[in-house]
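[1] 3D, please:
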Amino acid sequence: MAKFESQLDLHFAALADPTRRAILARLARGRASVSELAAPHEMALPSFMGHLRKLEAAGLVVTTKEGRVRHCELSPEAFAPAQDWLADQRAIWEGRLDRLDDYVTRLMKERKT
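    Presented below is the predicted three-dimensional model:
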């Protein structure tokens, strides 16, 4: 369980930043070079590389080097732990809201009688 939670921490830390989310959104359209990914962001390349390293550490992005060009792509299966956790949270909250709805409905019926 600790490894799963550690991986979730890495995922959510990576997703917490708008620059990293923008990188992931771009990679959802397909593979791109580091320079393509960095172009829309107004920051020095070393700062941008820090964002890529965070995404790689979380396992969300995989980079490969071809000659002098480094390409990045999504690792879609890496999103599964976060998706599973979110699905579990959704189920918990939907259950709670259903119980609350039942309770309020019952109270309303009791008031009418």
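
[2] need the contact list for the residue nearest the centre of the chain.
    Note on the chain: the residue nearest the mean C-alpha position is Leu15, at 4.7 Å, using C-alpha atoms, centre = their mean. Shown in contact with Leu15 (C-beta atoms under 8 Å, 6 or more residues apart in numbering): 21, 24, 82. All C-beta spots, glycine's among them, are computed from the backbone N, C-alpha and C.

[3] same question, Pro40
    By C-beta under 8 Å, 6+ apart, Pro40 lies in contact with 22, 26.

[4] Can you tell me the element it falls in?
    Here Pro40 sits in a region with no helix or strand, counting by DSSP states H and E.

[5] Check the spacing between it and Gln83 real quick.
    Pro40 is 27 Å from Gln83, where distance means C-beta to C-beta, to the nearest Å.

[6] rewinding a little: most neighbours among the contacts of Leu15, please name it.
    Ranked by the number of neighbours (other C-beta atoms under 10 Å), the contacts of Leu15 place Ala82 first, at 18 neighbours.

[7] what about the nearest residue to that residue once chain neighbours are set aside, neighbour count?
    The shortest distance from Ala82 to any non-neighbouring residue, by C-beta to C-beta, 6 or more residues apart in numbering, is to His11 (4.5 Å). By other C-beta under 10 Å, 21 other residues sit near His11.

[8] Please point out which parts of the longest helix seen in the chain sit buried.
    Using DSSP state H, we find that the single longest helix of the chain is helix 80-112. Residues 81-82, 85 are the ones in helix 80-112 that count as buried (16 or more other C-beta atoms under 10 Å).

[9] if we can go back for a sec, please, which helix or strand holds the residue nearest to Ala82?
    Secondary structure (DSSP H and E) places His11 in helix 2-15.

[10] Buried residues, that helix. List them.
    Neighbour counts over helix 2-15 (16+ other C-beta under 10 Å) mark 7-8, 10-11, 14-15 as buried.

[11] now, among those residues, which is nearest to Leu97?
    Ranked by distance to Leu97 (C-beta to C-beta), the buried residues of helix 2-15 are led by Leu8 at 23.6 Å.

[12] hang on, isn't that closest one packed against Asp84?
    No - between Leu8 and Asp84 there is no contact under C-beta atoms under 8 Å: 9.3 Å.
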